[in-house]
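**Student:** 3D, please:
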Amino acid sequence: MHLETYSAADSAHAQRALAALPEVGRALPHSLEAEEALLALLIAYPDEVFPLCRNAKFSEKSFYDPKHGTIYAAVRLLAEAQRPIDLATVAERLRETGDLERIGGYATLTQVTTYQGTSAHARHWIDQVRKFWILRQTIRQAQKAIEQCHGYSGEPFAEFLAPHAVWFQNATARARQGESGAVETLGAVIAQIRVDVAARAAGTEDRSGWIFTGFPEFDDLEASNCLMPFGSMREDGNVIIGGGSSMGKSVLMRNIATLAVERGQRALVYTIETNRYSFIQSMAATSARASVRQLARAPKDHVARLDAALVALEAKVDKKLFLFQRSDDPGFETIEGIVAHARAWCAQHGTPHLIVLDYLQLIGVGKRCNSREQEVAHISHTWQALQRELGCVTLGGAQLNEASLAKLRQVKKDKETGEVLHDLPDRGALRESQALYHDADVVIFLHMPVVDGAGREQLGLDTTNPEMWLCIDKRRSGVRSIVKTRFEKAHGYFKPLNSGSARPIGSGPISKADY
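**Tutor:** Residues are numbered from 1 along each chain as shown. Take a look at the predicted model:
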């Protein structure tokens, strides 16, 4: 839920609620000095100051004094029309809209622009105006909550409070982070690229945020055609793992999160499909290569190995793994709730190296949509926006539709050679919305070929240790490739089958010669 969510009726209702309190007549928080100083700088240095206001998401409603909001709206319209901005043009614009006399004429404009300062002071005044703007909205939201609490009629209590909790979490996170960042010029971008290129050439780039996979094809940085860990390039952080039911997408994401923790990185995990008990138990089983279901029939050392893995995990996950399950917060039912929680968590604890959501299509949305396709698209856009905002690697699971999976399980052969042809998953296989594909920086499909590399058929999903291909169908900074693995279901582990490079793939079906 965003900060600007109120209609005029909502605002009027909140003001009436305020009037009923003992503090009757008490003005909402504001600083007319800050508003006038900001408007003066905005008119004097529009090219430098207006982008800062736009980044802070200012509107005329951000100002306490309606006259100041009207002046800001006039400046904004001039800026968007790419017209000159000075005292005369702002006055002319206000006269065209009939607002000049309404705000008090030239006298008001002259008074507003008396502040003498430079564009270097703009950030301070923007922060001041923004702070009071958020405080006023917080008071209005609080009054709205008070009114609704008085009207509580017995519906599920947690769900009743959840929208307000999400709003306050979002407001707190945005207040801590701030949104009036410096304007980045193209010259500064080019200078940063030159620094990054030199560091990469020397092997001294910052790798602290890279997320390794456990597969040599990604992680062997000495290989000339290494696919590279996630987050090793700009716009390489929004990773989607797609797969059908029981094909291991949750296992793969858990394995990657475990490896990150073992490397000393911090992982924030939202497990919607399972609970933390199953998650930790599976982590230990993978580390010990032991099957929890078959402990009674397993070799005697398996129990000891599993216990040792749990002890080791207890030391590794402390302050590294932060695991939240669906029942922890009613807000986790929607993508807005999860994003608000992640923002608030990051504002308090710092941004982690990895955020995992298992999985995207299991959650709902907090806004009205006309179809499930629109809902999933909204989930995808919101998830991508969180990744762009935080800058860390995000890993999200996605389900494939049954029609595509049934097609992929059919055995197809070349009419001339009789050789088996493999259809690979593509963007059309994603269930409910292809927005997941378009928003992602990296898309990896889990594919169990109908015939493995040794020529054995593996048509049933109950195959114990199937050969599983990681089909990198999209990567903004790479090529389409296949990484071959063995999925050990009993241990919850993807075992690498190739120690060399991944196989590049083109479009359409592939034959044995291609893989």
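**Student:** going forward, measure contacts and count neighbours with C-alpha atoms only.
**Tutor:** Noted.
**Student:** and the pLDDT at the residue nearest the centre of the chain?
**Tutor:** What sits nearest the mean C-alpha location of the chain, by C-alpha atoms, centre = their mean, is L386, with 2.9 Å. Looking at L386, its pLDDT stands at 90.
**Student:** separation between it and I335?
**Tutor:** Distance, L386 to I335, using C-alpha to C-alpha, to the nearest Å: 10 Å.
**Student:** strands of this protein, start to end?
**Tutor:** For the chain, the strands defined by DSSP state E occupy 238-243, 267-271, 321-325, 354-358, 393-399, 412-413, 420-421, 442-447, 467-475, 481-488, 493-496, 503-504.
**Student:** could you dump these into JSON lines and include mean neighbour count?
**Tutor:** JSON lines is the format used below for those (neighbours: other C-alpha atoms under 10 Å):
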{"stretch": "strand 238-243", "mean neighbour count": "27"}
{"stretch": "strand 267-271", "mean neighbour count": "23"}
{"stretch": "strand 321-325", "mean neighbour count": "18"}
{"stretch": "strand 354-358", "mean neighbour count": "24"}
{"stretch": "strand 393-399", "mean neighbour count": "25"}
{"stretch": "strand 412-413", "mean neighbour count": "14"}
{"stretch": "strand 420-421", "mean neighbour count": "19"}
{"stretch": "strand 442-447", "mean neighbour count": "25"}
{"stretch": "strand 467-475", "mean neighbour count": "23"}
{"stretch": "strand 481-488", "mean neighbour count": "22"}
{"stretch": "strand 493-496", "mean neighbour count": "20"}
{"stretch": "strand 503-504", "mean neighbour count": "16"}
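**Student:** distance to R95 and mean pLDDT for those strands - can I get that in a markdown table?
**Tutor:** Formatted as a markdown table, the strands of the chain follow (distance: least, C-alpha to C-alpha, whole Å; pLDDT from 0 to 100):
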| stretch | distance to R95 | mean pLDDT |
| --- | --- | --- |
| strand 238-243 | 48 | 96 |
| strand 267-271 | 54 | 96 |
| strand 321-325 | 56 | 94 |
| strand 354-358 | 51 | 96 |
| strand 393-399 | 50 | 96 |
| strand 412-413 | 73 | 81 |
| strand 420-421 | 72 | 80 |
| strand 442-447 | 52 | 94 |
| strand 467-475 | 52 | 92 |
| strand 481-488 | 62 | 91 |
| strand 493-496 | 69 | 92 |
| strand 503-504 | 64 | 68 |
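**Student:** hmm, L94 is touching R102, no?
**Tutor:** No. Judged on C-alpha atoms under 8 Å, L94 makes no contact with R102 at a distance of 9.2 Å.
**Student:** between the two, which has more neighbouring residues?
**Tutor:** L94 (21 against 11; other C-alpha atoms under 10 Å).
**Student:** residue contacts, the closest residue in space to that one that isn't next to it in sequence?
**Tutor:** Excluding the flanking residues, the one nearest L94 by C-alpha to C-alpha, 6 or more residues apart in numbering is L100, at 4.8 Å. By C-alpha atoms under 8 Å, 6 or more residues apart in numbering, the contact set of L100 is A91, L94, Y106.
**Student:** of the residues you listed, closest to M468?
**Tutor:** L94 (65.9 Å; C-alpha to C-alpha).
**Student:** per-residue pLDDT, that closest one?
**Tutor:** 93.
**Student:** separation between it and G104?
**Tutor:** Taking C-alpha to C-alpha as the measure, L94 falls 11 Å from G104.
**Student:** what of R388?
**Tutor:** Following C-alpha to C-alpha, the distance that separates R388 from G104 is 43 Å.
**Student:** who has more neighbours out of those two?
**Tutor:** Neighbour count, other C-alpha under 10 Å: between R388 and G104, R388 has more, with 15 against 11.
**Student:** dihedrals phi and psi, the residue nearest to L94?
**Tutor:** phi -60, psi -50 (degrees, to the nearest 10).
**Student:** what sits against E205?
**Tutor:** Contacts of E205 (C-alpha under 8 Å, 6+ apart): D196, A199.
**Student:** residues contacting the nearest residue to F63 once chain neighbours are set aside?
**Tutor:** In this structure, F63 finds its nearest non-sequential neighbour in G69, 5.3 Å apart by C-alpha to C-alpha, 6+ apart. Contacts for G69 were tallied using C-alpha under 8 Å, 6+ apart; they are S59, E60, K61, S62, F63.
**Student:** run a quick neighbour tally on the last one.
**Tutor:** Right, the one you point to is F63. 23.
**Student:** got it, and the first one?
**Tutor:** Residues contacting S59 under the criterion other C-alpha under 10 Å number 15.
**Student:** now swap in the fourth one and tell me
**Tutor:** Number of residues near S62 (other C-alpha under 10 Å) recorded here: 22.
**Student:** offset the numbering so it begins at 29, please.
**Tutor:** Let's use 29 as the start, then, which means that last one is S90.
**Student:** ok, it to R304 distance?
**Tutor:** Taking C-alpha to C-alpha, one finds S90 at 42 Å from R304.
**Student:** then the last one?
**Tutor:** In this view, F91 and R304 are 46 Å apart by C-alpha to C-alpha.
**Student:** and for the third one?
**Tutor:** When C-alpha to C-alpha is the yardstick, K89 and R304 sit 44 Å from each other.
**Student:** ok, V393 next?
**Tutor:** For V393, the distance to R304 - C-alpha to C-alpha - is 23 Å.
**Student:** for G215, same thing?
**Tutor:** Taking C-alpha to C-alpha as the measure, G215 falls 47 Å from R304.
**Student:** more neighbours, the two?
**Tutor:** Between G215 and R304, counting by other C-alpha under 10 Å, R304 is the more crowded of the two (16 against 9).
**Student:** poorly predicted segments of the stretch 129-278 of the chain, please.
**Tutor:** Applying pLDDT under 70 to the stretch 129-278 of the chain flags the ranges 202, 204-212.
**Student:** rerun that using 50 as the cut-off
**Tutor:** Applying pLDDT under 50 to the stretch 129-278 of the chain flags the ranges 207-210.
**Student:** which stretches of it form helices?
**Tutor:** 133-140, 150-178, 185-205, 214-230, 244-247, 277-290 (DSSP state H, counting those that start in this stretch).
**Student:** looking at the ones you listed, which is nearest to F350?
**Tutor:** helix 277-290 (10.1 Å).
**Student:** and the contacts of that closest one?
**Tutor:** Contacts for helix 277-290 (C-alpha under 8 Å, 6+ apart): 239-242, 269-271, 294-295, 307, 311, 344-345, 348-349, 382, 384, 386-387, 423, 425, 474, 520-522.
**Student:** and what of stretch 54-74?
**Tutor:** Everything outside stretch 54-74 that qualifies as a contact, by C-alpha under 8 Å, 6+ apart, is 77-78, 91-93, 96, 99-100, 103, 107, 113-115, 140-147, 150, 153-154, 156-157, 160-161, 163-164.
**Student:** just the buried subset of those, written out for PyMOL, thanks.
**Tutor:** Once 16 or more other C-alpha atoms under 10 Å is used to decide burial, the buried members of the contacts of stretch 54-74 can be selected in PyMOL as follows:
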select buried, resi 77+78+91+92+96+99+100+103+107+113+114+115+140+141+143+150+153+154+156+157+160+161+163+164
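**Student:** so what's D127 up against?
**Tutor:** Counting by C-alpha under 8 Å, 6+ apart, D127 has contacts T98.
**Student:** repeat for N429
**Tutor:** Taking C-alpha under 8 Å, 6+ apart as the definition, contacts of N429 comprise G272, A457, L458, R459, E460.
**Student:** shouldn't the first one be in contact with S432?
**Tutor:** No. Between G272 and S432 there is no contact, the gap being 9.6 Å when judged by C-alpha under 8 Å.
**Student:** these two: who's more crowded?
**Tutor:** The residue with more neighbours, out of G272 and S432, is G272; 22 against 17, by other C-alpha under 10 Å.
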